[in-house]
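Asker: give the three-dimensional model of this entry:
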Amino acid sequence: MEKLVPQIKWNRYFELVLNRTVSPKEVLVVYAKDYFIKLGNLLTKTSPRTVANYLIWRIVQNRASNLDERFRSRRRVFSNLLLGNTKEAPRWRTCVQYVNDNLGMAVGAMFVREHFKEDSKEIAQLMIREISISFIELVGQVDWMNDATKRKAKEKV
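Answerer: Okay, the predicted model is just below:
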């Protein structure tokens, strides 16, 4: 990432976020390479004060829902003016969404461990294999796809 977007001190960022030492040789999967390149270019053209103001605003906006009603009501007024949202979601829904956004994979793993038997995974994988085989057969039978499209569809399975 340092080579891709040198405008950001990635190693320092990851060490702060992960709260551990991070080796520059650690593997990192980047799904949005073009986005980060453009972000780096934008950071070069934007004043540090503007970047700092933006980051602070994003933090405030993101955390306002965790504060008491005074702050949430101000956020609701802002949201209404900006997006036309007229009412806030019930508090329980906000809390569930927060947990799901931040711990969704961990909670999902706990649910699976608690409620699914070991053979459930094998059964699900068998079902997926059979659906994939049926899909490939059906793709071969349709007449609205040309041969090149059929090959591509089969490659994706």
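Asker: residues near residue 78, how many?
Answerer: By other C-beta atoms under 10 Å, the residues close to residue 78 number 13. To be clear about C-beta, it is placed using only N, CA and C from the backbone, and glycine gets the same treatment.
Asker: for residue 80, same thing?
Answerer: Using other C-beta under 10 Å, residue 80 has 13 other residues around it.
Asker: roughly how far apart are residue 74 and residue 139?
Answerer: 54 Å (C-beta to C-beta, to the nearest Å).
Asker: please identify which of those two sits among more neighbours.
Answerer: residue 139 (17 against 12).
Asker: quick one: end-to-end distance for stretch 1-12.
Answerer: 12 Å (C-alpha to C-alpha, to the nearest Å).
Asker: which SS state does the residue most central in space within the chain fall under?
Answerer: Centroid check for the chain by C-alpha atoms, centre = their mean gives residue 101 as the closest residue, at 8.6 Å. For residue 101, the assignment made with DSSP: H, G, I helix; E, B strand; the rest coil gives helix.
Asker: how far away is it from residue 148?
Answerer: Following C-beta to C-beta, the distance that separates residue 101 from residue 148 is 40 Å.
Asker: one more: residue 112?
Answerer: 39 Å.
Asker: of the two, who's got more company?
Answerer: residue 112 (11 against 8).
Asker: got a pLDDT number for that one?
Answerer: pLDDT for residue 112: 84.
Asker: change the start of the numbering to 5 and stick with it
Answerer: I'll keep to 5 as the first residue from here, and by that count the last item is residue 116.
Asker: okay, and it sits in which element?
Answerer: Assigned by DSSP states H and E, residue 116 belongs to helix 95-119.
Asker: count the neighbours of residue 33 for me.
Answerer: Neighbours of residue 33 (other C-beta under 10 Å): 4.
Asker: which residues touch the strand or helix carrying residue 152?
Answerer: Assessed by DSSP H and E, residue 152 sits inside helix 151-159. Identification of contacts with helix 151-159 by C-beta atoms under 8 Å, 6 or more residues apart in numbering yields 140, 143-144, 146, 149.
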